[in-house]
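Visitor: Structure for this input, please:
(chains A and B)
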There are 2 protein chains.
Amino acid sequence: MNLERIEHRACFGGWQDVYRHDSSVLGCTMNFAVYLPPQVETARLPVLYWLSGLTCTEQNFIAKAGAQRYAAEHGVIVVAPDTSPRGEGVADDPAYDLGQGAGFYLNATEQPWAAHYRMRDYVVDELPALVEANFPANDARGISGHSMGGHGALTLALGNPGRYRSVSALAPIVAPARVPWGEQAFTAYLGPNRAEWVRHDATELLKIATERLPLLVDQGEADEFLATQLKPELLREACVEANHPLTLRLHPGYDHSYYFVASFIGEHIAWHARAMKA
Amino acid sequence: MNLERIEHRACFGGWQDVYRHDSSVLGCTMNFAVYLPPQVETARLPVLYWLSGLTCTEQNFIAKAGAQRYAAEHGVIVVAPDTSPRGEGVADDPAYDLGQGAGFYLNATEQPWAAHYRMRDYVVDELPALVEANFPANDARGISGHSMGGHGALTLALGNPGRYRSVSALAPIVAPARVPWGEQAFTAYLGPNRAEWVRHDATELLKIATERLPLLVDQGEADEFLATQLKPELLREACVEANHPLTLRLHPGYDHSYYFVASFIGEHIAWHARAMKA
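Guide: Numbers count the residues shown, from 1 in each chain, chains lettered A, B, ... in the order given. Just a heads-up that it's a prediction; the model follows:
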């Protein structure tokens, strides 16, 4: 097993580490961050997977969200992968919202993306297997994320029943098939046939969901992408129609930045800890 | 009064703002960050001045330390200035630890620095006057900082009795006149006469301090600069000799990064809040 620790920093009584490994699913070298709270000394712990937004690497969340304090408080391991495959041999695009840094947490079927862009398989299968084999983790998994990563959390949880004990999102792209960010990415990665898109759109997945995993979603009302890309009302409508439990909280004044994420991540980690330890 | 708000972000129920203004003391345009906790709606609040370390701007602390949560909890305004004068007309040096980003919180007397490098006057006088005139601040001031900024906090508090109600530092340069970072900076900014340096070295100022303001200092034992640049034992010795109250806490495993600052900033803000509200 190749797994190289490239950062190791004491933080809130535990360790904020970053690892590098060769991903067989993605066909490239990947970094992921893992926060190990102090409780790993004496117990195997549940793992929260955090999916970041457009342009992020594994670094943004660990440096800016202040999540370690809450993970230490609740005894939760937090794993934060990169947002796409990376490297010279990996297809890319000059746009910030396509290609490297913009994997959209799906398996691409179109060229030139299909060879490496398999973030669904990486996040749902390969990374948890690696984490559970190499860290003091138990098999309770939660998933959360911000913006594109919120889309990832919602679609991967809804699309893989039984895989996660808990799911939440901050300022997620709830209906990518109906907004510009998602339309551009899905056209590139999945092709123009919209029938292929529905398995990657949370509002569509809710129509066929077999599991009633409650959703916690926070959204800032001053978010600069609210009306064009995020549209939380579409998630509310889809949940009402599907009779799916949703806690959607709209926060006046908050924008799309990590200052918003930092303000509410503590409540998300508490939410996941309750469900993963139940 | 020129004072332009260039960032305005909701954070923990308050606002993380950044302002730009023309500093008459420094002779250039400066940015500073100010966190306004929710309590500003109903009261004038004490102000903690945070001084950052080498290479930082006003951004590092506000993005990475997670201090807003604690400032909101305790009702403290936090002001974080830049670490030096800036701009094309301001002297600089290619080294990361001299010139722009490395003002060392003193008034330079040597050329080419003397014209703009007056960070002592900026932090102690001009900035508080600006803050107290334009924000819901009262006249209770505390000062803290990291690394070079910890040096700034200790020397400005010890050198200006009555000006601050509280002082603390994380991984400070406690004896700059005796370590490479300080020797380089003081030689450039103050000239080779070491007699001029003592007013800018906390361990020297303790010998003549007339005020017994208690010092709180946290230091990581795995700090990569511990033995060469920081030397907390010199602060302990100076405080013992001067009979000056010091709480010095050494933390196994912690390095010099913001993961260390984030882990302990909550206790510093609580310390300052207690003293500033007493």
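
Visitor: Give me the outermost residue of chain A relative to its centroid.
Guide: Taking Cα atoms, centre = their mean, the residue of chain A most remote from its mean C-alpha position is residue A:42, at 27.6 Å.

Visitor: Relative to chain B, how far out is that one?
Guide: 17 Å (Cβ to the nearest Cβ, to the nearest Å). No exception for glycine: its C-beta is placed from N, CA and C like everyone else's.

Visitor: Let me know the pLDDT of that residue.
Guide: Confidence at residue A:42, expressed as pLDDT, is 96.

Visitor: same deal with residue A:278?
Guide: Confidence score, pLDDT, at residue A:278: 88.

Visitor: Counting neighbours, what do you get for the closest residue to it other than its chain neighbours?
Guide: In space, residue A:278 comes closest to residue A:165 once its chain neighbours are excluded; the distance is 7.5 Å by Cβ to Cβ, 6 or more residues apart in numbering or on different chains. By other Cβ atoms under 10 Å in any protein chain shown, the residues close to residue A:165 number 20.

Visitor: is it true that residue A:96 lies in a helix?
Guide: No. Counting by DSSP: H, G, I helix; E, B strand; the rest coil, one finds residue A:96 to be coil, located in no helix.

Visitor: Now it: closest residue in space, sequence neighbours ignored.
Guide: residue A:55 (5.4 Å).

Visitor: got it, and residue A:202?
Guide: Residue A:202's closest residue in space is residue A:154 (Cβ to Cβ, 6+ apart), at 3.9 Å.

Visitor: mind listing what that neighbour touches?
Guide: A:167, A:169, A:172, A:174, A:202, A:205, A:215, A:235 (Cβ atoms under 8 Å, 6 or more residues apart in numbering or on different chains).

Visitor: Quick check: the fourth one vs residue B:216, distance?
Guide: Here residue A:174 is placed at a distance of 46 Å from residue B:216 (Cβ to Cβ, to the nearest Å).

Visitor: and what of residue A:87?
Guide: 46 Å.

Visitor: now residue A:158
Guide: Here the criterion is Cβ to Cβ. By it, residue A:158 lies 49 Å from residue B:216.

Visitor: all helices for the stretch 1-150 of chain A, in order.
Guide: A:59-64, A:67-74, A:119-121, A:127-134, A:148-159 (DSSP state H, counting those that start in this stretch).

Visitor: ok, residue A:174 and residue B:216, which is more surrounded?
Guide: Per other Cβ under 10 Å, whichever of residue A:174 and residue B:216 has more neighbours is residue A:174, with 32 against 21.

Visitor: and that one, what are its phi and psi?
Guide: phi -90, psi -20 (degrees, to the nearest 10).

Visitor: got a pLDDT number for the residue positioned nearest the centre of chain A?
Guide: The residue lying closest to the centre of chain A (Cα atoms, centre = their mean) is residue A:51, at 2.4 Å. According to the prediction, residue A:51 has pLDDT 98.

Visitor: isn't it right up against residue A:105?
Guide: Yes. Between residue A:51 and residue A:105 there is a contact under Cβ atoms under 8 Å: 6.1 Å.

Visitor: and residue A:237, what does it touch?
Guide: Residue A:237 neighbours (Cβ under 8 Å, 6+ apart): residue A:203.

Visitor: quick one: it and chain B, what's the gap?
Guide: Applying Cβ to the nearest Cβ to residue A:237 and chain B gives a distance of 26 Å.

Visitor: now whatever helix or strand that residue lives in: mean pLDDT?
Guide: Secondary structure assignment for residue A:237, by DSSP states H and E: helix A:232-242. Per-region confidence: helix A:232-242 scores 98 on mean pLDDT.

Visitor: Check stretch A:150-158 too.
Guide: 98.

Visitor: Chain B contacts on the stretch 151-278 of chain A?
Guide: A:220, A:222, A:251-255, A:257-260, A:262-263, A:266 (Cβ under 8 Å from any Cβ of the partner chain).

Visitor: circling back to that earlier point, pLDDT at the residue nearest to residue A:96, what is it?
Guide: 98.

Visitor: roughly how far is stretch A:73-90 from the heart of the chain?
Guide: 9 Å (Cα atoms, centre = their mean, to the nearest Å).

Visitor: does any bit of that stretch sit next to chain B?
Guide: No. Stretch A:73-90 lies out of reach of chain B by Cβ under 8 Å from any Cβ, never closer than 11.9 Å.

Visitor: Next, the distance between the ends of that stretch.
Guide: With Cα to Cα, to the nearest Å applied, stretch A:73-90 spans 39 Å between its terminal residues.

Visitor: ditto for stretch A:14-31
Guide: Per Cα to Cα, the first residue of stretch A:14-31 is 20 Å away from its last.

Visitor: can you give me the strands for chain A?
Guide: A:4-11, A:14-23, A:28-36, A:45-51, A:77-81, A:137-145, A:166-170, A:215-220, A:246-251 (DSSP state E).

Visitor: Now do the last one: which elements does it pack against?
Guide: Strand A:246-251 sits against strand A:215-220, helix A:232-242, helix A:258-277, with contacts defined as 3 or more Cβ pairs under 8 Å, 6 or more residues apart in numbering or on different chains; DSSP states H and E.

Visitor: What parts of the stretch 1-150 of chain A come near chain B?
Guide: Close to chain B, as judged by Cβ under 8 Å from any Cβ, the stretch 1-150 of chain A has residues A:9-13, A:15-16, A:63-64, A:66, A:68-69.

Visitor: Determine which two of those residues are furthest apart.
Guide: Checked with Cβ to Cβ, these reach their widest spread between A:13 and A:64, with 20.0 Å between them.

Visitor: Look at the two and report which has more neighbours.
Guide: Between residue A:13 and residue A:64, counted using other Cβ under 10 Å, the more crowded position is residue A:64 (20 against 17).

Visitor: Touching, the more buried one and residue A:262? I think so.
Guide: Yes. Counting by Cβ under 8 Å, residue A:262 is a contact partner of residue A:64 at 6.7 Å.

Visitor: Please enumerate residues in contact with stretch A:90-101?
Guide: In contact with stretch A:90-101 (Cβ under 8 Å, 6+ apart) are residues A:27-28, A:54-57, A:83-86, A:102, A:112-113, A:115-117, A:181, A:184-185, A:188.

Visitor: State the number of residues packed around the residue nearest to residue A:7 when sequence neighbours are not counted.
Guide: Spatial nearest neighbour of residue A:7, chain neighbours left out: residue A:18 (3.8 Å); criterion: Cβ to Cβ, 6+ apart. Each residue near residue A:18 was counted by other Cβ under 10 Å, and the total is 19.

Visitor: Would you agree residue A:18 is in contact with residue A:6?
Guide: Yes. Residue A:18 is within contact range of residue A:6, at 5.3 Å (criterion: Cβ under 8 Å).

Visitor: shared neighbours, residue A:51 and residue A:105?
Guide: In contact with both residue A:51 and residue A:105: A:123, A:148-149, A:152, A:156, using Cβ under 8 Å, 6+ apart.

Visitor: who wins for most neighbours among those?
Guide: residue A:152 (34 neighbours).

Visitor: Name the nearest residue to it, sequence neighbours excluded.
Guide: Going by Cβ to Cβ, 6+ apart, residue A:152 has residue A:105 as its nearest residue, at 3.1 Å.

Visitor: If I look at that neighbour, what pLDDT would I see?
Guide: Looking at residue A:105, the pLDDT reads 98.

Visitor: Look up phi and psi at it.
Guide: The phi/psi pair for residue A:105 (degrees, to the nearest 10) is phi 60, psi 40.

Visitor: Over to the one 3 residues further on?
Guide: Its backbone dihedrals place residue A:108 at phi -70, psi 150, with angles given as degrees, to the nearest 10.

Visitor: show me the residues around it that make contact.
Guide: Residue A:108 is in contact with A:114, A:117-118, A:188-190, counting by Cβ under 8 Å, 6+ apart.
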